[in-house]
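*Asks:* Got a predicted structure here, sequence first:
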Amino acid sequence: MSCQKLSRQSLHLVLNEGRGLYSLRHMDVSRLFYTSTAQALEAEAKAKKKNGIHRLGGIGCLPRPSIYYQPFSSAVSNPNSLVNVFALFGESKNKILYSDVEGHTNIYNTEFRSFMTMPSLNSPKGPNCMAAHITRTPAHARSDFDINPEVDYGFFAEKPCGEHTDSLYMMDMGQDKPGCFEVLAYYPVGEWQWRALPSPPFFDDLEYKACNNIAYAIVDGTRICVSSATATYSFDTVTLEWSKTGDWVLPFHTKAEYVPELDLWLGLSASSPSDLCALDLSTAAIDSCDVPPMQHVGLDVDLPKDWLLKSRTLVNLGSDAQDGPQVVAFTGVDVVPCGDNQQGERTLRRIKHKSKCLVTDRIEYVL
C-alpha cells in the first residue's frame, strides 16, 4: 500500500523501562512505504540486481515517549512477578488497554492523550492472552435484551454507530477458570463492564496445553475463530455460543488480519518464520470444504546473514524482531491480487517496500 492508502499513521510501541515501568511511543509508519507501488517494485528490482536482498535502513533514535505506565508499590518491590497485558482496540486503533497482574485496567486514548479508569477484570489475564476487538451492533443489543429484558437497550438499537460501540474480548488460554474469557463493553445501565463469557470447549480436553502463540481471527465482524492444537472453534459474540468449525487449525502465528480489498485473512505463517500466508475464512468458504486452502504470499523480511528471528508481529503493516545483539526490524509490505491460477483461484503477490531497523531489546508490544 502507498502512504496515501495507509489506514493508520502510527505503530504503538510499548517498551520495558525496568522495575515494572513501561513507556508508550509512536512510530510514523509512512517511513516504511514508498509513495507508490511502482517505486516499490523499482527498488525491489534494483536490490535483486545487486545481492538479492533489500538493504535494512536505520530508524535512528526511538520516538519520544508519550506516556509512562507507573507501577504499583508492589511492582517496585518485586517487578519480575508481574504479568502486564497491553491490547489495542477501537475502530480508529486509538485505544490502548492496560491490565496489571491484579486485574486493574485502564484505557489510554492516543488521539486525546487521555486516561479512563475501567472496572477490574473478573480474572487477571496471564501471558497466554488473546485480545480481540469487536464493534457492537444492534444484534448485540437485542441479544443483551433477551438475556436481561428488564434493561432498556433501545439506545444501541436506534443508534448502532453511537459513541460507545467498541468492545474488547480477552481470553486467558493458560487455564480454564472462572472469568478466563470476558468482554469489556459499554451498557446503558452500569456503563463500562467486564462480562464473563463461556469457556471454549477445548478446555475440557484433558490433553489441552496452552501455547505462547494463539492463532485466531475475527470472522464476519461478530465471530472469533480460535485454534487449539488439533481443531478450530468459533465463538458467536451475539448468541454467546461456541461451535466447532473443523478438525483443522489456523495456519497463523498469532492473529490474522482481514483485508477487505482482498476479501481474505492475512497472517504470518506458524510454520515458516517470516512467511506471509492468506486464507479464506468466510462462512461460504468454511461451509464448502473441510480445510480452507492456504496460499503462501512470500517472505515479509529478508534477514541478513547470521541473523536469527526471535519473534514477529503482524499489525496490518508488518514488523519483526531479532536478537544477537537484538535488533528490531520494521518492514512495509503490500499484498495485491495478480490474476488466477489454473484452478481459477485468485493468486496474490507480495510487494515489499522499505525495511528499517533499530537496536533495542526493550520493546515488549507492537500495537
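*Replies:* Cool, the structure landed. Residues are numbered from 1 along each chain as shown.

*Asks:* and Gly90, how far is that from Lys177?
*Replies:* Using Cβ to Cβ, to the nearest Å, Gly90 is found at 28 Å from Lys177. Heads up, the C-betas are built off the backbone N, CA and C, glycines and all.

*Asks:* ok, which stretches of the stretch 251-367 of the chain are helices?
*Replies:* Assigned by DSSP state H, counting those that start in this stretch, the helices in the stretch 251-367 of the chain fall at 283-288.

*Asks:* ignore the last one, the stretch 101-250 of the chain
*Replies:* 138-147, 154-158.

*Asks:* which of the ones you listed has the lowest average pLDDT?
*Replies:* The minimum mean pLDDT among the helices of the stretch 101-250 of the chain belongs to helix 154-158 (a mean of 45).

*Asks:* Tell me which residue is most central in this protein.
*Replies:* Lys255 (5.1 Å; Cα atoms, centre = their mean).

*Asks:* okay, the residue nearest to Met27 when sequence neighbours are not counted: pLDDT?
*Replies:* Leaving aside its sequence neighbours, Met27 sits nearest to Leu11 (Cβ to Cβ, 6 or more residues apart in numbering; 4.6 Å). pLDDT, Leu11: 84.

*Asks:* what's near enough to touch Lys177?
*Replies:* Contacts of Lys177 were listed using Cβ atoms under 8 Å, 6 or more residues apart in numbering, and they are Ser123.

*Asks:* Check what pLDDT it gets.
*Replies:* 73.

*Asks:* distance of it from Val333?
*Replies:* Lys177 is 39 Å from Val333, by Cβ to Cβ.

*Asks:* ditto for Cys211
*Replies:* In terms of Cβ to Cβ, Cys211 sits 25 Å off from Val333.

*Asks:* Show me which of those two is the more surrounded one.
*Replies:* A direct count of neighbours by other Cβ atoms under 10 Å for Cys211 and Val333 places Val333 higher, at 25 against 14.

*Asks:* sec struct for Arg31, please.
*Replies:* Following DSSP: H, G, I helix; E, B strand; the rest coil, the label given to Arg31 is helix.

*Asks:* pLDDT wise, what is the residue lying closest to it once chain neighbours are set aside at?
*Replies:* Leaving aside its sequence neighbours, Arg31 sits nearest to Lys356 (Cβ to Cβ, 6+ apart; 6.3 Å). If you check Lys356, the pLDDT there is 74.

*Asks:* What of Val315?
*Replies:* 53.

*Asks:* now Gly58
*Replies:* pLDDT, read off for Gly58, is 67.

*Asks:* Which residue is the nearest non-sequential neighbour of Ser271?
*Replies:* Once flanking residues are discounted, Ser271 sits nearest to Pro251: 6.9 Å by Cβ to Cβ, 6+ apart.

*Asks:* so where do the strands sit in the stretch 1-150 of the chain?
*Replies:* 10-18, 21-28, 57-58, 67-69, 85-89, 95-99, 105-109, 114-118, 129-135 (DSSP state E, counting those that start in this stretch).

*Asks:* Can I get the first one in CSV, CA atoms only?
*Replies:* Extracted as CSV, the C-alpha positions of strand 10-18 are listed here (Å, rounded to 0.1, in the frame of the first residue of the first chain):
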residue,chain,number,x,y,z
SER,A,10,1.4,5.1,13.8
LEU,A,11,2.7,1.9,15.3
HIS,A,12,2.4,1.9,19.1
LEU,A,13,5.5,0.6,20.8
VAL,A,14,5.4,-0.5,24.4
LEU,A,15,8.9,-0.5,26.0
ASN,A,16,10.0,-2.1,29.2
GLU,A,17,11.9,0.6,31.1
GLY,A,18,12.8,-1.7,34.0
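
*Asks:* Just the buried residues of it, please?
*Replies:* 10-16 (16 or more other Cβ atoms under 10 Å).

*Asks:* and if you look at the second one?
*Replies:* Of the residues in strand 21-28, those buried under the neighbour-count criterion (16+ other Cβ under 10 Å) are 22-27.

*Asks:* Now the two most distant members of these.
*Replies:* Tyr22 and Met27 (16.0 Å; Cβ to Cβ).

*Asks:* my guess is the residue nearest to Ser271 contacts Cys277, does it?
*Replies:* Yes - Pro251 is within contact range of Cys277, at 5.9 Å (criterion: Cβ atoms under 8 Å).

*Asks:* Run the chain-centre distance for the longest helix seen in the chain.
*Replies:* Longest helix in the chain, counting residues (DSSP state H): helix 37-50. Relative to its parent chain, helix 37-50 has a centroid offset of 30 Å by Cα atoms, centre = their mean, to the nearest Å.

*Asks:* again, but for stretch 227-240
*Replies:* Using Cα atoms, centre = their mean, the offset of stretch 227-240 from its chain centre is 17 Å.

*Asks:* measure that stretch end to end?
*Replies:* Criterion Cα to Cα, to the nearest Å; first-to-last residue distance in stretch 227-240 is 18 Å.

*Asks:* Could I get the full set of strands for the stretch 201-350 of the chain?
*Replies:* Going by DSSP E, counting those that start in this stretch, the stretch 201-350 of the chain shows strands at 216-219, 223-227, 232-236, 241-246, 255-259, 264-268, 275-279, 294-299, 308-313, 319-323, 327-340, 346-359.

*Asks:* ranking those strands by burial, who's on top?
*Replies:* Comparing the strands of the stretch 201-350 of the chain by mean neighbour count (mean count of other Cβ atoms under 10 Å), strand 264-268 comes out on top with a mean of 24.
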